[in-house]
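Engineer: quick one, fold the following:
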Amino acid sequence: MAWSLALFATSNGGWLAKVPARDRDKTNPYHDSPEAVAAGDHVFHEHCAQCHGEDARGTKKRPSLRSRRVQQEATEGDLHWLVTNGSMKYGMPSWAKLGDPQIWQVISYVRSLGADPAK
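Structural biologist: This is a model prediction of the structure:
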């Protein structure tokens, strides 16, 4: 997914303002599931790590998924919306083809990483 999860985060956070309320309020059916975190780890390394780094701390061109914005400010619904819809302006493709279960699993994994204190 190279969930280019610009996710889970175009660098300036402008994508957050585009998330409809109905999507922002979605809840992750796998929240706090160790099995989902493990499955999401696999999905992340298969699809997202190439852009966001093996440790999800970002690369020169793609943001860290351990930022406060991703880890604390965005809801899981916000993250789901971004992964599903992408943000081509910032190089984040849509990963809708993964389907909801895998999208929620990767969100579970990313959230399990926690925020970097300095970010």
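Engineer: give me the low-pLDDT residue ranges for the protein?
Structural biologist: Scanning the chain for pLDDT under 70 picks out 1-13, 118-119.
Engineer: repeat that with 90
Structural biologist: 1-18, 51, 59-63, 69, 86-93, 115-119 (pLDDT under 90).
Engineer: which stretches of it form helices?
Structural biologist: With DSSP state H as the criterion, the chain has helices at 21-24, 34-47, 49-52, 68, 76-85, 100-113.
Engineer: now the ones you listed in JSON lines, with mean neighbour count?
Structural biologist: C-beta here means a position set from N, CA and C on the backbone, and glycine is covered the same way. Formatted as JSON lines, the helices of the chain follow (neighbours: other CB atoms under 10 Å):
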{"stretch": "helix 21-24", "mean neighbour count": "12"}
{"stretch": "helix 34-47", "mean neighbour count": "18"}
{"stretch": "helix 49-52", "mean neighbour count": "21"}
{"stretch": "helix 68", "mean neighbour count": "14"}
{"stretch": "helix 76-85", "mean neighbour count": "23"}
{"stretch": "helix 100-113", "mean neighbour count": "23"}
